[in-house]
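S.K.: the following comprises the amino acid sequence and a computationally predicted model.
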Amino acid sequence: MTRTKAAVQRKLARILRHRKDPHGMEITDEAIMKGVEVDDAGIVQLWVQPTRAHCPCCINDLMELRSEIKKQRGVLACHIEVIGVPQADRWTAAINE
């Protein structure tokens, strides 16, 4: 494991540890966070299933989360993949544009 990867993993853990979704659930709950990956270059990928399928505040919250992650030193890029909701590809496109 590279030093960059280890540093990014620590920063990501700090961000996610105390974060809640707009409806009060911990974002690290297994019902929401389906996967996390950090590669050696510092690219972060998250797989998320929002708690409510048609809630605009969930989209906005994920956009803010992505922005916060991208601001961290050592993070080259961040991609959030939305899964398990209708038109998940549209959610993913909106969050990552």
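M.R.: Yes, it's here.
S.K.: do a quick rundown of the strands in this structure.
M.R.: For the chain, the strands defined by DSSP state E cover 33-38, 43-48, 77-82.
S.K.: got the ones you listed as JSON lines, with mean pLDDT columns?
M.R.: Formatted as JSON lines, the strands of the chain follow (pLDDT from 0 to 100):
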{"stretch": "strand 33-38", "mean pLDDT": "96"}
{"stretch": "strand 43-48", "mean pLDDT": "97"}
{"stretch": "strand 77-82", "mean pLDDT": "97"}
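S.K.: next, format the ones you listed as JSON lines and append mean neighbour count and distance to residue 23.
M.R.: In this view, the C-beta of every residue, glycine as well, is placed from N, C-alpha and C. What follows is the strands of the chain, written out as JSON lines (neighbours: other CB atoms under 10 Å; distance: least, CB to CB, whole Å):
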{"stretch": "strand 33-38", "mean neighbour count": "15", "distance to residue 23": "14"}
{"stretch": "strand 43-48", "mean neighbour count": "20", "distance to residue 23": "13"}
{"stretch": "strand 77-82", "mean neighbour count": "19", "distance to residue 23": "16"}
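S.K.: which stretch among those comes nearest residue 92?
M.R.: For residue 92, the closest of those is strand 77-82, at 4.8 Å, according to CB to CB.
S.K.: could you dump the closest one to PDB, C-alpha only?
M.R.: Extracted in PDB, the C-alpha atoms of strand 77-82 (Å, rounded to 0.1, in the frame of the first residue of the first chain):
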ATOM      1  CA  ALA A  77     -10.600  12.100  -8.100                       C
ATOM      2  CA  CYS A  78     -13.800  10.900  -6.500                       C
ATOM      3  CA  HIS A  79     -16.600   9.000  -8.200                       C
ATOM      4  CA  ILE A  80     -19.900   8.200  -6.400                       C
ATOM      5  CA  GLU A  81     -22.000   5.400  -8.000                       C
ATOM      6  CA  VAL A  82     -25.600   5.300  -7.000                       C
END
